[in-house]
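K.L.:
what follows is a protein structure lacking sequence information:
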Ligand code: FES
């Protein structure tokens, strides 16, 4: 995974930032949203955020 890849352009949230909040306990889309602000703007990154969560939450 490229940690520097920007997943959410509205809030400049990278894959690494999402990975970090998942490592520190976030498990759902809503929790990741609350901790990073990702996907709280235009919402067009939602499928990518959900896909990443699916890959990272074990
Ligand atoms: S790109 Fe994530 S909310 Fe717009």
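P.N.:
In hand now; what should we look at? All of these numbers come straight from a predicted model, not from anything done at the bench.
K.L.:
let's verify the residue positioned nearest the centre of the chain: helix, strand, or coil?
P.N.:
Residue closest to the average C-alpha location in the chain (Cα atoms, centre = their mean): residue 18, at 4.0 Å. Here residue 18 is helix, with the state taken from DSSP: H, G, I helix; E, B strand; the rest coil.
K.L.:
in contact with it, which residues?
P.N.:
7, 32, 36, 38, 49, 52-53, 56 (Cβ atoms under 8 Å, 6 or more residues apart in numbering). Bear in mind the C-beta positions are built from the backbone N, C-alpha and C, glycine included.
K.L.:
ok, now residue 39?
P.N.:
8, 29, 32-33, 45-46, 49.
K.L.:
can we see that at 7 Å?
P.N.:
Residue 39 makes contacts with 8, 33, 45-46, 49, as judged by Cβ atoms under 7 Å, 6 or more residues apart in numbering.
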